[in-house]
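1. need the 3D shape of this:
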Amino acid sequence: MITLSSKALPQTVLLGICRQPAAVNPHSEGVCSVNNQNRLEQLSLFIKERKQVSMQELTDAFGISLSTLRRDIRKLIDRGIVRKTYGGVESCSQRALTPLSDRLDLNSDGKFRIAREAALSITDGDVIFLDSGSTVGAMAQFLGRLDKLTVISNNMLVIKTLVMKKIITEPKVQLITLSGIYNPQTFSFVGDEVSSMLQRYNVSKAFMGTTGLSLTSGITHSTQLESAIKRQAVAQAQKVYLLADHLKFDTFAPYTYCSMQDIDELYTDEALTEDYRSLCAEAETAVHIASE
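-> Residues are numbered from 1 along each chain as shown. Okay, the predicted model is just below:
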């Protein structure tokens, strides 16, 4: 077990750790024990609050060896959460603002397989919500096989695909667009009016994307406005489907919009770890691994 000194951590980080059930190390004063995943999240929060920290500060604060810290930092760097500086690391505050255009080619094959597999769960007569994001956006190209379908979306990728591929052939496939303020970073419409419009419709299936998901933070997103829309979609739908490739696991963004208990089915591109299999089993979430 790795222990964190209560004296070394900022109050906001300390409170976040202590909310989690944890065994107390009897040899330390006022500490909370955390597993590896919790430590990664607390490292991220610690660095974000301090903006820039040295490796020595981190080893002192978290009570871990330099080799363990380096492995953890490498994971955070790979996820775009932090970047290396001379003798330490700094927070990548711009990660939440990464344009969707820069993410379209990231694991595009995995996203394609997930989208294709998830689209098979759609049946004639469904009223579906397609969330923002590249993976959910890729689903639109597979909707031409349906004879009767209503698509509700604020995702410009969805709208463009349905129009350009001539999939919209009313009364076969009907498209309802949720317009608001266009966000070029995410290729989607956002704002309170989008959530208000969504409340008008009875949604049978909502297909949701995520910036990242973790065991402790749940299903997260990077912006407050889009998180509000996602929460509304989850509340509105009879069934909720989460599309998340393997790169989204063990990462998290500032806003949690739902938990795994809210997800009926999860579509991903690689086998889950034991922790996530247990989480999905406890939540009674069906898991689908998209095949080649």
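2. going forward, measure contacts and count neighbours with C-alpha atoms only.
-> Noted.
3. contacts only, for Asp264.
-> 239-241, 284-286 (C-alpha atoms under 8 Å, 6 or more residues apart in numbering).
4. now, among those, which is nearest to Val136?
-> Distances from Val136 to the contacts of Asp264, taken as C-alpha to C-alpha, are shortest for Tyr241 (10.1 Å).
5. shouldn't the closest one be within a strand?
-> Yes - assessed by DSSP: H, G, I helix; E, B strand; the rest coil, Tyr241 belongs to a strand.
6. please enumerate the helices of the stretch 101-250 of the chain.
-> For the stretch 101-250 of the chain, the helices defined by DSSP state H, counting those that start in this stretch occupy 108-119, 134-137, 156-164, 192-198, 224-236.
7. can you redo those helices as JSON lines with distance to Ser54 and mean pLDDT?
-> As requested, these are exported to JSON lines (distance: least, C-alpha to C-alpha, whole Å; pLDDT from 0 to 100):
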{"stretch": "helix 108-119", "distance to Ser54": "35", "mean pLDDT": "96"}
{"stretch": "helix 134-137", "distance to Ser54": "36", "mean pLDDT": "96"}
{"stretch": "helix 156-164", "distance to Ser54": "41", "mean pLDDT": "95"}
{"stretch": "helix 192-198", "distance to Ser54": "41", "mean pLDDT": "95"}
{"stretch": "helix 224-236", "distance to Ser54": "31", "mean pLDDT": "95"}
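8. relative to Glu274, which of those helices is closest?
-> helix 108-119 (20.6 Å).
9. ok, the closest residue to Met139 other than its chain neighbours - how many residues close by?
-> Of all residues not flanking Met139 in the chain, Ala115 sits nearest, at 4.7 Å (C-alpha to C-alpha, 6 or more residues apart in numbering). Using other C-alpha atoms under 10 Å, Ala115 has 27 neighbouring residues.
10. ok, now which ones touch Ala115?
-> Contact analysis of Ala115 by C-alpha under 8 Å, 6+ apart lists 135-136, 138-139, 243.
11. now the residues you listed: which count as buried?
-> Listed as buried from the contacts of Ala115 are 135-136, 138-139, 243; burial here means 16 or more other C-alpha atoms under 10 Å.
12. check what pLDDT Gln238 gets.
-> Gln238 is assigned a pLDDT of 98 by the prediction.
13. just use 520 as the starting number from now, easier for me
-> All set: I'll call the first residue 520, so the last point we hit is now Gln757.
14. how much space separates it from Asp645?
-> Look at Gln757 and Asp645: by C-alpha to C-alpha, to the nearest Å, they are 11 Å apart.
15. kindly report the same for Glu560.
-> From Glu560 to Asp645 the distance is 38 Å (C-alpha to C-alpha).
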